[in-house]
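Chemist: Next come a sequence and a model predicted from it.
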Amino acid sequence: MFIENCQADLTTAAIQGTNLYFGNAASPAHVYHLVASQSCPEDCNSHGTCVQGSCVCTARWTGPSCSAPVQCPRNCSNAGQCIGGVCHCNLRRGGADCSITERCSQMCQHGSCRGANSTWPCVCESNAWSGPYCSERRVACPNDCSNHGTCREGLCSCDTGFMGDDCGIVDGTVIRCAFDTDCGDGQACDSGFCRDVEAEPESQISPTLIAVAVIGAAAVGLIGLVTIFKSWKGGSSPYGGGMVTDLAGPSKLQPGAGGGYVRLPKRLVK
């Protein structure tokens, strides 16, 4: 600002806050209020926001007036977006300039490539994974397993009698029951459903050992019978050997002729 005929008064100059003082410090001649300019060059070209006289550009523009576009390598090969000078590639494209076509076999983490010649799409191996690369773990189970199962890492482990991804389908192959008699052969009623009963484990004893044991027992029995028969046959008394008892009263044992003993009648004993 040009001030006429005030040169003699401009002996001092001072700034306090937003005020500018010219003249004598004790008695200033002129006081000016300082106001900062809020305008930006070229109004930031509609590519930014004016903040205290400076342009804050959007992601794709730069320069004092946001007039220069931000350059990304090869303009992201027209396969992505340039944000802050960095390419953000579209799906199935990679590299600093988005020029690389991603291979399904390299990117499909928890699934398999079901396209022709093992190309896209990437089909996830189970409901526990999702996303274009099957890399996003699913925490929730579908329909919370319909209250007929347990959610384990995004997969439903269905209760007996139910099936399906959400355990919402009744398994028609499972028979409901109240008693064991409601089930077929080899089954028992367990928690309202017929279940197969585990077969009793077969004997671990060898059939050969069983046969040997039977033959041994028969041989021991035969030997015993022969011994008894010989003992009985060895006696030569009139009674066929062995001992004879007279029921008429006490008697005395005497050896018989065949090696046995004959109990003599009491009246013959002196």
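Modeler: Good, I have the coordinates.

Chemist: Regarding this structure, what is its longest helix?
Modeler: The single longest helix within the chain, with elements called by DSSP state H, is helix 207-234.

Chemist: State the mean pLDDT of it.
Modeler: What helix 207-234 shows for mean pLDDT is 74.

Chemist: Kindly provide the distance from A217 to I210.
Modeler: For A217, the distance to I210 (Cβ to Cβ, to the nearest Å) stands at 11 Å. Glycine gets a C-beta too; all of them are placed from N, C-alpha and C.

Chemist: my bad, should have said R195
Modeler: Shown here: R195 relative to I210, a distance of 33 Å by Cβ to Cβ.

Chemist: between those two, which one's more packed in?
Modeler: R195 (16 against 11; other Cβ atoms under 10 Å).

Chemist: My guess is that one contacts Q187. True?
Modeler: Yes: R195 is within contact range of Q187, at 6.3 Å (criterion: Cβ atoms under 8 Å).

Chemist: Run through the neighbouring helices and strands of the longest helix of the chain.
Modeler: Of the remaining helices and strands, none touches helix 207-234 by 3 or more Cβ pairs under 8 Å, 6 or more residues apart in numbering; DSSP states H and E.

Chemist: Can you classify T49 as helix, strand or coil?
Modeler: Assigned with DSSP: H, G, I helix; E, B strand; the rest coil, T49 falls in the strand class.

Chemist: Now the closest residue to it other than its chain neighbours. Its backbone dihedrals?
Modeler: Nearest residue to T49, sequence neighbours excluded (Cβ to Cβ, 6 or more residues apart in numbering): V56, at 4.9 Å. As for V56, its main-chain torsions (degrees, to the nearest 10) stand at phi -110, psi 110.

Chemist: Distance check, V56 against H47.
Modeler: V56 sits 10 Å away from H47, going by Cβ to Cβ.

Chemist: quick one, which of those two is more surrounded?
Modeler: Under the criterion of other Cβ under 10 Å, the comparison of V56 against H47 puts H47 first, with 20 against 12.

Chemist: Looks like that one contacts V70 (just checking).
Modeler: No: counting by Cβ under 8 Å, H47 does not reach V70; the two are 10.2 Å apart.

Chemist: so what sits against both of these two?
Modeler: Applying Cβ atoms under 8 Å, 6 or more residues apart in numbering, one finds that H47 and V70 are jointly contacted by 60-61.

Chemist: low pLDDT regions in the protein?
Modeler: For the chain, applying pLDDT under 70 flags the ranges 1-38, 199-206, 229-270.

Chemist: thinking again about what came up before, give me the distance between the residue nearest to T49 and G63.
Modeler: Applying Cβ to Cβ to V56 and G63 gives a distance of 12 Å.

Chemist: what do the two both touch?
Modeler: Going by Cβ under 8 Å, 6+ apart, no residue sits against V56 while also sitting against G63.

Chemist: you'd agree D43 is in a strand?
Modeler: No: going by three-state DSSP, the assignment for D43 is helix, not a strand.

Chemist: For it, which residues are in contact?
Modeler: If you count contacts by Cβ under 8 Å, 6+ apart, then D43 has C50 around it.

Chemist: how about a cut-off of 10 Å?
Modeler: Applying Cβ atoms under 10 Å, 6 or more residues apart in numbering to D43 gives the contacts 50, 55, 65-66.

Chemist: Can I get those residues in CSV including distance to I83?
Modeler: Putting these into CSV (distance: Cβ to Cβ, whole Å) gives the following:
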residue, distance to I83
C50, 22
C55, 18
S65, 20
C66, 15
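
Chemist: Out of those residues, list just those in strands.
Modeler: Among those, the ones falling in strands (DSSP state E) are 50, 55.

Chemist: Next, show the common contact partners of R195 and Q187.
Modeler: 175, 177.

Chemist: Show me where the stretch 1-150 of the chain has its helices.
Modeler: Per DSSP state H, counting those that start in this stretch, the stretch 1-150 of the chain carries helices over the ranges 104-107.

Chemist: Export stretch 88-105 to CSV, keeping only CA atoms.
Modeler: This file holds the C-alpha atoms of stretch 88-105, laid out as CSV (Å, rounded to 0.1, in the frame of the first residue of the first chain):
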residue,chain,number,x,y,z
HIS,A,88,-3.8,-50.6,-7.9
CYS,A,89,-4.4,-53.5,-10.4
ASN,A,90,-7.7,-55.0,-11.4
LEU,A,91,-8.5,-58.6,-10.6
ARG,A,92,-6.1,-61.2,-12.1
ARG,A,93,-3.5,-58.6,-13.0
GLY,A,94,-0.3,-57.8,-11.1
GLY,A,95,3.0,-56.1,-11.3
ALA,A,96,4.0,-52.5,-10.7
ASP,A,97,2.3,-51.5,-14.0
CYS,A,98,-0.4,-54.2,-13.9
SER,A,99,1.1,-55.7,-17.0
ILE,A,100,1.4,-59.3,-15.6
THR,A,101,-1.5,-61.7,-16.0
GLU,A,102,-1.7,-63.6,-12.7
ARG,A,103,-1.8,-67.4,-13.1
CYS,A,104,-4.6,-69.1,-11.3
SER,A,105,-2.4,-72.0,-10.1
